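**Q** predicted model, plus sequence, below.
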Amino acid sequence: QVQLVESGGGLVQAGGSLRLSCVASGRTFSSYVMAWFRQAPGKEREFVAAISWSGGGTFYADSVKGRFTISRDNAKNTMYLQMNSLKPEDTAVYYCAADGSVPYGSMWAHSMYDYWGQGTQVTVSS
């Protein structure tokens with residue numbers, strides 16, 4: 001069992017930056033594929049970024065490529081999402097997700113993840 005807790009959300013002006021954190025419980029964090037998803041009001045949950053268990057492989061949605069950076073620190077059981085050049089369309093609740101067996105080609109699919117955090121709100125004003 002893995003419990004995930006996100007933090008770092010808030011209100012920021014367009015062009016600004018935020019860093020989200022996701023702290024995981026459990027001793028097997030280093031073996032899990034981790035990801036960030038987001039959901040805006042009235043929209044479906046969408047993939048943002050994912051990272052392999054070692055951190056050596058990362059995968060981004062086209063909408064955030066070049067602006068967001070996903071990383072992890074297995075010694076701290078923590079995953080991060082550095083968000084730069086934020087846009088109003090980035091406004092959403094951001095969720096972290098984890099699973100022990102996600103094929104690299106399926107990291108974008110929310111159905112592949114068994115464990116989810118409660119979410120943290122990110123609001124970008126224009």
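**A** Good, I have the coordinates. Please read all numbers here as calculations on a predicted model, not as lab measurements.
**Q** wait, residue 67 touches residue 89, no?
**A** No. Using C-beta atoms under 8 Å, residue 67 is not in contact with residue 89; the gap is 11.4 Å. Every residue, glycine included, has its C-beta placed from N, CA and C.
**Q** neighbour-wise, which of those two wins?
**A** Using other C-beta atoms under 10 Å as the criterion, residue 67 and residue 89 rank with residue 67 on top: 15 against 11.
**Q** grab the most central residue of this protein for me.
**A** By C-alpha atoms, centre = their mean, the chain has its centre lying nearest to residue 36, at 2.0 Å.
**Q** and the spatially closest residue to that one that is not a sequence neighbour, what pLDDT?
**A** Nearest residue to residue 36 in three dimensions, chain neighbours excluded: residue 48, at 4.2 Å (C-beta to C-beta, 6 or more residues apart in numbering). Each residue has a pLDDT score; the one for residue 48 is 98.
**Q** now residue 22
**A** pLDDT recorded at residue 22 is 97.
**Q** same question for residue 83.
**A** We have a pLDDT of 98 for residue 83.
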